[in-house]
Structures are given as C-alpha cells and as structure tokens.
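Chemist: Need the 3D shape of this:
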Amino acid sequence: MKKSLIALAVLAASGAAMAQSSVTLFGIVDAGVGRVSAGGTSVTGVTNSGLASSRLGFRGEEDLGGGLKAGFWLEGGMSNDTGTGQGGGAAGPGFEFKRRSTISLMGGFGEVRLGRELTVGYVNSTAADVFGDNGVGASIGKNHFAGVIETRKGNGISYILPSNLGGFYGQVQYVFGEQLSSAAYDKAGDYLGARLGYRNGPLDTAIGFAKGRGASAAQDADQFNIFASYDLGVVKPFIGFNQEKNKAAVEVKYQSYLLGLTAPVGPGTVRVSYNDVDLKNSGNDAQKFAIGYVYDLSKRTAIYGTYAHVKNKGAAAFGAAPGGLTFTTPAGQNVNGYEFGVRHSF
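Modeler: You can find the predicted model right below:
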C-alpha cells in the first residue's frame, strides 16, 4: 500500500512538472510539379515549398513562475524533393537549424530573444505577399542588396512588445557583425531594424525600418516599408510598399509596390497579387502577376495550384521559378511559371 502511495505521489509530482514545460516537434512537407520558361528555355520537374516552406523543428517553453517563461526554437529547412537539408539559408546537403535558432525569456514585459531569425525588415516587406514569399507567386520586390538586406540573420538580439497593448505590436532587432575593433570597417555585418504595427479586428498595418552594414561603408543599405490589410469577409485586400537604397557614391534605389487579395471560395482560398519593382533612373524595372488557388483537404493538408508571369524591362532578370528547380532568367526576358502541389503540416 505504501509503495502504491509513493508511486502515485511520484507520478503526481512528475505530472505537475511536465505541466509547466513543453516541447513540440513540428514541420511541413510540401512538394509538387512545376515548370518555368523564358527566352525559349524552360525546365520542368518536381518542386518543393510552393505553398509553405518545407521544414522540421523543435520548440518549447518552461514556466519559471511569477509570469516568467523561458523558450527555445530550433528550425531547419529542407528540400524534400531531393531529401537534402537545403533551405532557410542552408545550402545543404546536411540539415541545419538556419531557419531559426533562438532562445528567449518572456513575461509581462514582452520577450527578449537571442540567435538567428527572420529580419524585421524582411517580415514587413513580405507582409502583403499573399503567397507568403513561397513558390512561383512569391514577391520580387525585396532583398536587393545581398548580404546586407537579407531574409534572416544570426548573432542577433531582439525585443518583442507584449501582446496586451490594445492591438499594438512591434519588434526591435540588432545583429552583431562581430568584427574586430581594429578592422578596416568594424561595422561590417551589423544590422538594426524596427517594426511597429497595429492589429484590431479586420485591420492590420505596420511600418518598418532597417539599416544593414556591408563590407564597406559604400555597401551599407537602408530599408523602409509599410503594409496594410483589411478583412472584408468576402475578400481581404493587401497593399505594401518597400524601398531599399545603398550608400554608394551613385545611389542605387529600388522601390516596390505590392497589391494582393485573398478570397474564400468553396473549401479553399483564391490568391491574387501584382508586384511592381522600379530600379530608379535605370529602366531595369519589372512587373509580376500571380494567381492561385488553395484547396483545403483538412486543417493540415491542402492541394494548390499557382501561375505567375513576370515582365522584365531593360536588364532586369526577375524570375518565377518554383522551389527545387534551377533556372537563370535571361536579362530583359519575360518569364512564365506554374506549379501544382500538396502541403502537409504536422
């Protein structure tokens, strides 16, 4: 009898401890068939991440008491069409946690987060992209300065506002380039970004700023963007603007406008977007139109189809290639791309 009572006490104690912490395994597997063509050249094959980026991850939280929590998030991309760990900043073939690898302290004050994650400038530049920056329909008006204005950065620290501010949300992010103080340009790799938004009922809007440091002061770049969406029930329109410019002697400036909408149709959603990218004073501009439909088979599984067309001008070479297909767009050539696939999340 005593042994039974002791066993029950141990189980109760362990259950209480487990209730205060959790670890979740999660992921997405997304694959399809697609094709892209331009300038008389094309490629067709099995694709990945047409609706959502394929990934595998672990996340968890521990209740520390007094309203304080600790959390971690480890997430890596993968190309499930080939079985490699390519994606989310990782070149593959091995698996890496380059989509996100962070640890956090959270409470009534908000969240302090350290590690590798999405940059706030990227998050706001794609917030109006109804295709979620995935597949042939992904927006083309962002990340024009490679290595400076990027999707993700490591060695960063962020502060995220608490969720009880009457609809206001935001994040401030600083990334350390970790250069020696004696380096010729000790600010190389540094990044500072901030985002402030307001979400209430059908309205969601946010404004973002960022400054990225290159290998020299001439390669530094600034980013500004703003987006808004409003859910009308029968249709949800999106609008976004993103500007990126460098600090070279001859300024290079990109301005992008993004219009989109989603509409529930049957058991799925229609998605439509129009993207205009203007490289100032060059004539190397582009416009992209994309349309698609997502058919929900369940809460976790969906099938989808997307078509996109890009009109490049001058020496512009923006593309519409599905993930998993290698294709280089010829300068000034129009591009057509399509894909059909299935996505399952777990």
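Chemist: Low-confidence regions, the chain specifically.
Modeler: By pLDDT under 70, the low-scoring segments of the chain are 1-20.
Chemist: Now do the helices in it.
Modeler: 2-19, 120-125 (DSSP state H).
Chemist: Straight-line length of stretch 293-313, end to end?
Modeler: 28 Å (CA to CA, to the nearest Å).
Chemist: Show me where the stretch 151-300 of the chain has its strands.
Modeler: 152-160, 168-175, 191-200, 203-212, 221-230, 236-246, 253-265, 268-279, 286-296 (DSSP state E, counting those that start in this stretch).
Chemist: What strands flank the second one, and is each parallel or antiparallel?
Modeler: Strand pairing for strand 168-175, using DSSP bridges, gives strand 152-160 (antiparallel), strand 191-200 (antiparallel).
Chemist: Just put the ones you listed in a markdown table and tack on distance to K313.
Modeler: Bear in mind the C-beta positions are built from the backbone N, C-alpha and C, glycine included. Putting the strands paired with strand 168-175 into a markdown table (distance: least, CB to CB, whole Å) gives the following:
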| stretch | distance to K313 |
| --- | --- |
| strand 152-160 | 30 |
| strand 191-200 | 30 |
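Chemist: Between those strands, which one is closest to G67.
Modeler: strand 152-160 (15.6 Å; CB to CB).
Chemist: ok, and for the closest one, which residues are buried?
Modeler: By neighbour count on 16 or more other CB atoms under 10 Å, the buried set for strand 152-160 is 152-153, 156, 158, 160.
Chemist: Quick check: of those residues, which lies closest to T41?
Modeler: The closest of the buried residues of strand 152-160 to T41 turns out to be R152 (CB to CB; 30.8 Å).
Chemist: ok now do the residue lying closest to N80 once chain neighbours are set aside, which residues does it touch?
Modeler: Spatial nearest neighbour of N80, excluding adjacent residues (CB to CB, 6 or more residues apart in numbering): S54 at 4.9 Å. Going by CB atoms under 8 Å, 6 or more residues apart in numbering, S54 touches 27-31, 48, 77-80, 87.
Chemist: Count the residues that sit near A218.
Modeler: Residues lying near A218 (other CB atoms under 10 Å) number 12.
Chemist: again with A31
Modeler: Neighbour count of A31, defined by other CB under 10 Å: 21.
Chemist: distance of it from A286?
Modeler: Taking CB to CB, to the nearest Å as the measure, A31 falls 28 Å from A286.
Chemist: now swap in V46 and tell me
Modeler: 27 Å.
Chemist: who has more neighbours, these two?
Modeler: The neighbour comparison of V46 against A286 (other CB under 10 Å) goes to A286, with 25 against 16.
Chemist: Bridging across strands, which residues link to the nearest residue to G32 once chain neighbours are set aside?
Modeler: Nearest residue to G32, sequence neighbours excluded (CB to CB, 6+ apart): G341, at 2.1 Å. For G341, the beta-bridge partners under DSSP bridges are G32, Y304.
Chemist: What's the local residue count around G341?
Modeler: 24.
Chemist: same thing with the one 5 residues further on?
Modeler: A count of neighbours around F346, defined by other CB under 10 Å, yields 10.
Chemist: Beta-bridge partners for the spatially closest residue to G166 that is not a sequence neighbour, please?
Modeler: Residue nearest to G166 in three dimensions, not counting chain neighbours: N200, with 7.9 Å by CB to CB, 6+ apart. The residues listed as beta-bridge partners of N200 by DSSP bridges are L203.
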